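Pasting a predicted model and its sequence here:
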Amino acid sequence: MTDSTAKQRASIPSDSVLSAVASEHRRAVLRSLDRSDENAIAVSALTELVAKALRNGAVPDDERRRIRTALHHIHLPKLEDFGLLSYDIETGQVRAATGGLDADLRALIMPHDIRE
């Protein structure tokens, strides 16, 4: 972790981090970003990853649309407000703010992993 990344992470209050990971949708977003080899993920691809993380088997189109809407209006803006990702609404691209989750955040999320 670089010094600037450490300073950024240290500046995020622990209550904010806990609130950020309280939702299974947001945990799925963060895990998906952490596992991606790409610099950025399109919201459409992220929607698919989150849907697969939240549901076993096929995800109906209406459920996929609800997940995408929730990501766009609730979860991605909230994670961006916490400084955990960058969401460019115009391009539909999502990037992890630090280039990956650090060990502390990963340790916080993993005990609450769903359907791994």
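All right, it came through fine.

Does anything pack onto the helix or strand containing residue 29? Which helices or strands?
Using DSSP states H and E, residue 29 sits in helix 24-35. For helix 24-35, the packing partners by 3 or more C-beta pairs under 8 Å, 6 or more residues apart in numbering; DSSP states H and E come out as helix 43-54, helix 76-81, strand 85-88, strand 93-96, helix 103-109. The way it works is simple: take the backbone N, C-alpha and C, and place the C-beta from them, glycine included.

will you turn these into a markdown table that also has distance to residue 62 and mean neighbour count?
Shown next, in a markdown table, are the helices and strands packed on helix 24-35 (distance: least, C-beta to C-beta, whole Å; neighbours: other C-beta atoms under 10 Å):
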| stretch | distance to residue 62 | mean neighbour count |
| --- | --- | --- |
| helix 43-54 | 11 | 19 |
| helix 76-81 | 20 | 18 |
| strand 85-88 | 23 | 18 |
| strand 93-96 | 23 | 20 |
| helix 103-109 | 28 | 14 |
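
between the ones you listed, which has the poorest average model confidence?
When the helices and strands packed on helix 24-35 are ranked by mean pLDDT, helix 103-109 comes last with a mean of 61.

Quick one: low-confidence residue ranges for this structure.
For the chain, applying pLDDT under 70 flags the ranges 1-13, 98-116.

quick revisit: what's the angle between the helix holding residue 29 and helix 43-54?
110 degrees (axes from the mean of the first three to the mean of the last three C-alpha atoms, to 10 degrees).

buried sites along helix 24-35?
24, 25, 26, 27, 28, 29, 30, 31, 32, 33, 34 (16 or more other C-beta atoms under 10 Å).

one step back: quick one, which of the helices and strands packed on helix 24-35 gets closest to residue 69.
The closest of the helices and strands packed on helix 24-35 to residue 69 is helix 43-54. By C-beta to C-beta, the value is 9.4 Å.

Might one say that residue 63 is in contact with residue 52?
No. In this structure residue 63 lies outside contact range of residue 52 using C-beta atoms under 8 Å: 11.4 Å.

hmm, back to that, now the helices and strands packed on helix 24-35 in TSV, with distance to residue 20?
Below are the helices and strands packed on helix 24-35 laid out as TSV (distance: least, C-beta to C-beta, whole Å):
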stretch	distance to residue 20
helix 43-54	15
helix 76-81	6
strand 85-88	10
strand 93-96	13
helix 103-109	9
